[in-house]
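[1] I would like the atomic coordinates for the input below:
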Amino acid sequence: MEDWQKNFLGILEAVTAEVEQFCLEVGEAVEVFAEDFGEALASLTLEIDNIIVAEIDQSLQDFFEPMVEIYLELEELALEEDDIGERVFYFDGDPIEETDLWLNPKIEPTATEHPACIGCGNYHGRVYGGNLLVCGMHPYGWDDENCPDWEGFNNRLN
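    All right, here's what the predicted structure looks like:
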């Protein structure tokens with residue numbers, strides 16, 4: 001009876017050793033796979049980051065390029081420096097601050113929109129918050145072609 005017990009223990013020890021060896025080999029294989037996967041993932045992440053950065057860079061360039069072109073065109077306007085050394089644009093003899101050109105565009109009167117304001121020295125014509133401020137006397141403009149407050153540029157200077 002002792003022989004089969006010894007044989008059984010021998011078989012059990014052999015199975016245990018084989019299972020232990022199998023687990024070690026599986027662990028090593030998983031470790032190699034994890035390292036390879038980690039390297040591949042790091043490479044892929046770096047490549048994706050480069051692509052994303054390139055796309056963002058291109059998008060920003062496409063977005064700002066027209067603004068830079070407009071700015072360079074504005075630079076070609078008559079530039080002078082004011083008393084404190086800041087650049088000032090001059091349009092029709094009146095100074096225009098650089099920020100006004102971007103934040104509050106000037107809308108000129110036409111024959112169909114605010115005809116009474118054509119040539120008036122009081123005309124302001126700037127857009128603030130999406131609303132046009134025509135002038136101080138008539139913020140929304142005058143209804144017909146003969147504004148009672150119309151003044152030419154020469155009358156305004158005297």
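[2] What is the burial count for residue 121?
    Using other C-beta atoms under 10 Å, residue 121 has 14 neighbouring residues. To be clear about C-beta, it is placed using only N, CA and C from the backbone, and glycine gets the same treatment.
[3] Help me confirm that it comes into contact with residue 149.
    No. Contact criterion C-beta atoms under 8 Å: residue 121 and residue 149 do not qualify, at 10.1 Å.
[4] sec struct for the residue nearest the centre of the chain, please.
    The centroid of the chain falls nearest to residue 60 when counting by C-alpha atoms, centre = their mean (6.3 Å). With DSSP: H, G, I helix; E, B strand; the rest coil as the basis, residue 60 sits in helix.
[5] Residue 134 - nearest residue in space that isn't next to it in sequence?
    Nearest residue to residue 134, sequence neighbours excluded (C-beta to C-beta, 6 or more residues apart in numbering): residue 141, at 4.1 Å.
[6] give me every residue that touches the one you found.
    By C-beta atoms under 8 Å, 6 or more residues apart in numbering, the contact list for residue 141 reads 113, 114, 116, 117, 132, 134, 135.
[7] Flag the helix or strand of this structure with the lowest per-element mean pLDDT.
    Ranked by mean pLDDT, DSSP states H and E, the helix or strand of the chain with the weakest confidence is strand 79-81, at a mean of 49.
[8] where in this structure is pLDDT low?
    Low-confidence segments of the chain (pLDDT under 70): 1, 73-104, 153-158.
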